[in-house]
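**Q** Structure here, sequence nowhere to be found:
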C-alpha cells in the first residue's frame, strides 16, 4: 500500500512568520509530486507539480523542494499572510499508465493577523 | 475556459438508495478522477477514467462504480447507500501528465445519507 504522510497536521502562526511543511512519500514507483492549496468552501488549487529529484519551484512567497531518493518534499511559505490560511495537500503520482494521485491528509495552516 | 463542473452540489439520500453524481471536465481534458473525502480522512482515490476506459480503481467496494462518455463527462454511481458513504465527492480533470499535469478540481458534491 502506497502511503503519503504530511506533517504537521495543523499549524498556527502569526502574520509575518515563515513556515514549512513536510510531505513523505514512497521512493519507488514515483512519477510526480503535486502540491495543492485548499481554502474553505473552495476547490483544491494546484501550486506545484514536480518530477525531477532536486527540483525547486517558486510561486510568489511559496516555494517547494523535492527529494525523490529519500521520498520527501518541503513546502515553504515566507512571511505568512492571513490569506495563506488553508489546507495544503501533497499528492504522490504513481508511475505507469495511470492518472492516480495518492493524497496525504494535509496540513491546515491558520495565520493570525 | 470553463472549469470543472460537478452536479448536484448537495444531495440527501436514504440508506439503501442509489445515487449518481456527474462531472464535466475542462474542455479537452480526457482524464477524470474521483475522490472521496470524509471527516478526518484525506482525499481517497476512487477511480480514474481516460478516454472512456477505467485505468485505475481505488480500494472501494463494488457498490462504487463509474463511467466516462465520449465527450469526457463522467458519472459516478453508488448503489445501496450506507451511512458511511456520507462524504464530499470531488472530481478532477487533467489534460496531460508531468510538470504541467496539475489536476483541476470541481467544487464537489456533498452527499448526506440518512
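**A** Thanks, I have it. Note that the coordinates shown come from a computational prediction; the quantities given were computed from them, not determined experimentally. Numbering: from 1, shown residues only, chains lettered A, B, ... in the order given.
**Q** so who does the residue in chain A that chain B sits nearest to touch?
**A** Ranked by Cβ to the nearest Cβ, the top residue of chain A for proximity to chain B is residue A:46, at 3.3 Å. (C-beta placed from N, C-alpha, C; glycine too.) By Cβ atoms under 8 Å, 6 or more residues apart in numbering or on different chains, the contact set of residue A:46 is A:34, A:35, A:36, B:102, B:103, B:104.
**Q** Just give me the closest of those to residue A:15.
**A** The shortest approach to residue A:15 among the contacts of residue A:46 belongs to residue A:35, at 21.8 Å (Cβ to Cβ).
**Q** Let's verify that closest one: helix, strand, or coil?
**A** strand (DSSP: H, G, I helix; E, B strand; the rest coil).
**Q** what separates it from residue B:79, distance-wise?
**A** 35 Å (Cβ to Cβ, to the nearest Å).
**Q** Compare these two (neighbour count), which wins?
**A** More crowded of residue A:35 and residue B:79, by other Cβ atoms under 10 Å in any protein chain shown: residue A:35, with 24 against 14.
**Q** partners of that one in the sheet?
**A** residue A:48, residue A:90 (DSSP bridges).
**Q** which residues sit against stretch A:36-45?
**A** Stretch A:36-45 is touched from outside by A:46-47, A:85-91, A:106, B:3-4, B:43, B:90, B:103, B:105-108, with contacts defined as Cβ under 8 Å, 6+ apart.
**Q** give me the residue from chain B nearest chain A.
**A** Minimum separation of chain B from chain A (Cβ to the nearest Cβ) falls at residue B:102, amounting to 3.3 Å.
**Q** Which positions in chain A make contact with chain B?
**A** Within reach of chain B by Cβ under 8 Å from any Cβ of the partner chain, chain A has these residues: A:4, A:31-32, A:34, A:36, A:42-46, A:49-51, A:89, A:91, A:93, A:97-106.
**Q** circling back to that earlier point, any of the contacts of stretch A:36-45 buried? List them.
**A** Listed as buried from these are A:46-47, A:85-91, A:106, B:4, B:43, B:90, B:103, B:105-108; burial here means 16 or more other Cβ atoms under 10 Å in any protein chain shown.
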